[in-house]
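**Student:** Fold the following and give me the result.
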Amino acid sequence: LPQYRPFAALGGAALSLALGAAGLWDFTLMDAARAVDFNVLLMMAGTMGTVSLFIESRMPARLAELLIVRVPNVKWAVCMLALFAGVISAFVDNVATVLMVAPVGLAIARKLKISPVPVLIAIAVSSNLQGAATLVGDTTSILLGGFAEMNFFDFFWMHGRPGVFWGVELGALTSLLVLLWLFRKEKQSITASVETQVEDDMPTALMLLTVGLLIVASFLPQPESGLLATLYDLRSGLICMTLCVVGVVRACLRDRSAKPLVQVVQELDRDTLLLLFGLFIVIAGIRTAGVIDAAAQLFHTVAGEDPFRLYVLLVVVSVVLSAFIDNIPYVATMLPVVQGIAALMNNGAGMAPEVFYFGLLTGATLGGNLTPIGASANIAAIGILRKNGETVRTADFLRIGVPFTLAAVLTGSVYLWLVWGRALEATENVCRQRPAATLKRPNKPPVLCRKTGLRRAFLRKYDVSVKEKSFLQKTLDNFGISGIITIVPSDTAHEQNR
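**Tutor:** This next block holds a predicted model:
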């Protein structure tokens, strides 16, 4: 049951610490503290608070009305509402997006005397899709950004190639065609007017400023060490949290009461925050116990050395599992597994993990659209319908969710493989054909057979000191030396690699 998820995660964290204290593995309280990604937690909490103020300002409802008055009939109204929900969801939590846009969909359905069930289902699945487009769009995206050290700009352009954002948008365009086909018979004309008045423009400005500052933070140089390095690691979370505090303080001064503060605190998804806090510790514990390495080895055994087979396996497994289980704990657990698989590929030399990360993200995020219980936004939409006296059958949801999901997943995953997977195969072939010494060319960047992410995995796994980190960063960036270093999960290997 969803309400017990945070207690299960915190209980698992306590058990990991207890087993570590009992000597079953080397896992201390300091290890647990280092495992928690406070940047992710701060970013989520800050974004939730700003979104609460944004909804309260009534700007989303006005934007939806401005959109509706420009469409000719119900078919286009539903599709534009779904598209609008998707755009909002790229920057706002999926459930919050459904809560914002659903009332407009309900009003249109009642006015035209049509069933609101397919309308709200279309809004819900579209919001789930676009949540994977940006760093702040969904919890799974925030988890990937924190784990892979991806900034806001990396979702759009990364390592000289288009990022995951464009794959999601291609999936959105394909799924829009699916919606147009599904609602092809709804040709009733529609008349609407813009009635909602925006009460405060400041929350909208804060939302835009959050996105702008996250983009700017993407280009900041990384300090070597000290307090500045710590603040740099927390930069995204501090930006989101600071702007949230500014918005809350201003709202309290404007209303001359603490009511806005109370409302924001009540709107925070404390269950998700506690769930992630516990999961970070649990995952660190099972990594120490060797479970993550064993899972990575299992996937590698099934997929073999073929990166395309591994990519397809990750996408399919993620879609199927996320249709029935919560994708937040699934993605949080699978990210280190995918990192481990990438390190095992290419006969132990390692591969760039980005394409596998993206396959995991798209599969897990979009897979929730297959069933009514696969995503929180779906549950929220169905709850709204039931409160309004509507009956939602599983068949009603599957009629929209299945073709929508298949179209989006196929389009997005094919695009990501063509952009990232083919480049991976080309680099792998060059590495196999030419010796390391010949790959360094004067006045030209070397061909990177040391795959991206291998250095980061090494530095995280063995928790090297600041001086050792500085030395290893330079050493591992040298192609001729990096191929010698092997990452083996054992105490002996720890000292040997140091």
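
**Student:** just the strands in the stretch 51-200 of the chain please.
**Tutor:** Under the criterion DSSP state E, counting those that start in this stretch, strands of the stretch 51-200 of the chain are mapped to 157-158, 161-162.

**Student:** Could you dump the ones you listed into CSV with mean pLDDT, mean neighbour count and distance to residue 252 added?
**Tutor:** Any C-beta I mention is one placed from the backbone N, CA and C, and that applies to glycine too. Formatted as CSV, those follow (pLDDT from 0 to 100; neighbours: other CB atoms under 10 Å; distance: least, CB to CB, whole Å):
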stretch, mean pLDDT, mean neighbour count, distance to residue 252
strand 157-158, 88, 16, 39
strand 161-162, 90, 13, 42
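
**Student:** Residue 272: which of those is closest?
**Tutor:** strand 157-158 (26.4 Å; CB to CB).

**Student:** Export the strands of the stretch 51-200 of the chain as a markdown table, with columns for distance to residue 404.
**Tutor:** Shown next, in a markdown table, are these (distance: least, CB to CB, whole Å):
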| stretch | distance to residue 404 |
| --- | --- |
| strand 157-158 | 27 |
| strand 161-162 | 23 |
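
**Student:** For residue 196, give me the pLDDT.
**Tutor:** As predicted, residue 196 sits at a pLDDT of 75.

**Student:** Could you pull up the residues touching it?
**Tutor:** If you count contacts by CB atoms under 8 Å, 6 or more residues apart in numbering, residue 196 has them with 58, 61, 62, 65.

**Student:** of the strands of the stretch 51-200 of the chain, which approaches residue 115 most closely?
**Tutor:** Proximity to residue 115 (CB to CB) singles out strand 161-162 among the strands of the stretch 51-200 of the chain, at 39.0 Å.

**Student:** partners of that closest one, with directions?
**Tutor:** strand 157-158 (antiparallel) (DSSP bridges).

**Student:** do you know which of the strands of the stretch 51-200 of the chain lies nearest residue 119?
**Tutor:** So among those, strand 161-162 is nearest, using CB to CB, at 32.5 Å.

**Student:** Please tell me how far the closest one is from the chain's geometric centre.
**Tutor:** 18 Å (CA atoms, centre = their mean, to the nearest Å).

**Student:** among the strands of the stretch 51-200 of the chain, which is nearest residue 226?
**Tutor:** That would be strand 157-158 among those, by CB to CB, at 27.7 Å.

**Student:** what's in contact with the closest one?
**Tutor:** Strand 157-158 has contacts (CB under 8 Å, 6+ apart) with 150, 163, 354.

**Student:** again, 10 Å this time
**Tutor:** 148, 150, 151, 163, 164, 165, 166, 218, 354, 358, 420, 452 (CB atoms under 10 Å, 6 or more residues apart in numbering).

**Student:** wait, the third one sits on residue 239?
**Tutor:** No - taking CB atoms under 10 Å as the definition, residue 151 is not a contact partner of residue 239, at 11.0 Å.

**Student:** can you list residues touching both of those two?
**Tutor:** 214, 216, 217.

**Student:** Pick out the residue nearest the middle of this protein.
**Tutor:** By CA atoms, centre = their mean, the chain has its centre lying nearest to residue 141, at 1.3 Å.

**Student:** That one and residue 42, how far apart?
**Tutor:** From residue 141 across to residue 42, the span is 15 Å (CB to CB, to the nearest Å).

**Student:** for the helix ranked longest in the chain, packing partners?
**Tutor:** Counting residues, the longest helix found in the chain (DSSP state H) is helix 394-416. Counting contacts by 3 or more CB pairs under 10 Å, 6 or more residues apart in numbering; DSSP states H and E, helix 394-416 packs against helix 117-130, helix 164-182, helix 307-322, helix 354-367, helix 376-387.

**Student:** try 7 Å
**Tutor:** With contacts defined as 3 or more CB pairs under 7 Å, 6 or more residues apart in numbering; DSSP states H and E, helix 394-416 has these neighbours: helix 117-130, helix 164-182, helix 307-322, helix 354-367.

**Student:** Run the chain-centre distance for that helix.
**Tutor:** Centre-to-centre, helix 394-416 and its host chain are 18 Å apart (CA atoms, centre = their mean).

**Student:** Pull out the buried residues from it.
**Tutor:** Across helix 394-416, burial judged by 16 or more other CB atoms under 10 Å covers 396-397, 400-401, 404-409, 411-413, 415-416.

**Student:** got the angle for that helix vs helix 117-130?
**Tutor:** Counting by axes from the mean of the first three to the mean of the last three CA atoms, to 10 degrees, helix 394-416 lies at 30 degrees to helix 117-130.

**Student:** Extract the C-alpha set from helix 394-416 and format it as CSV.
**Tutor:** Extracted as CSV, the C-alpha positions of helix 394-416 are listed here (Å, rounded to 0.1, in the frame of the first residue of the first chain):
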residue,chain,number,x,y,z
THR,A,394,-9.8,-1.1,-16.5
ALA,A,395,-10.8,-1.5,-20.2
ASP,A,396,-11.5,2.2,-20.4
PHE,A,397,-8.0,3.0,-19.3
LEU,A,398,-6.3,0.3,-21.4
ARG,A,399,-8.0,1.5,-24.5
ILE,A,400,-6.0,4.7,-24.3
GLY,A,401,-3.0,3.7,-22.1
VAL,A,402,-1.8,0.8,-24.2
PRO,A,403,-1.5,2.4,-27.7
PHE,A,404,-0.3,5.7,-26.1
THR,A,405,2.5,3.9,-24.2
LEU,A,406,3.5,1.7,-27.1
ALA,A,407,3.8,4.6,-29.5
ALA,A,408,5.7,6.8,-27.1
VAL,A,409,8.1,4.0,-25.9
LEU,A,410,8.9,2.7,-29.4
THR,A,411,9.5,6.2,-30.8
GLY,A,412,11.6,7.5,-27.9
SER,A,413,13.6,4.3,-27.4
VAL,A,414,14.5,4.0,-31.1
TYR,A,415,15.5,7.7,-31.3
LEU,A,416,17.7,7.3,-28.2
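
**Student:** which residues touch that helix?
**Tutor:** The contact list for helix 394-416, computed with CB atoms under 7 Å, 6 or more residues apart in numbering, reads 117-118, 121-122, 125, 129, 164, 167-168, 170-172, 174-175, 178, 182, 315, 319, 355, 358-359, 362-363, 366, 369-372.

**Student:** and if we set it to 6 Å?
**Tutor:** Applying CB atoms under 6 Å, 6 or more residues apart in numbering, the contact partners of helix 394-416 are 117, 121, 125, 129, 167-168, 170-171, 174-175, 178, 315, 319, 358, 362, 366, 369-370, 372.

**Student:** and if you look at stretch 29-37?
**Tutor:** Residues contacting stretch 29-37 (CB under 6 Å, 6+ apart): 17, 146, 280, 281, 284.
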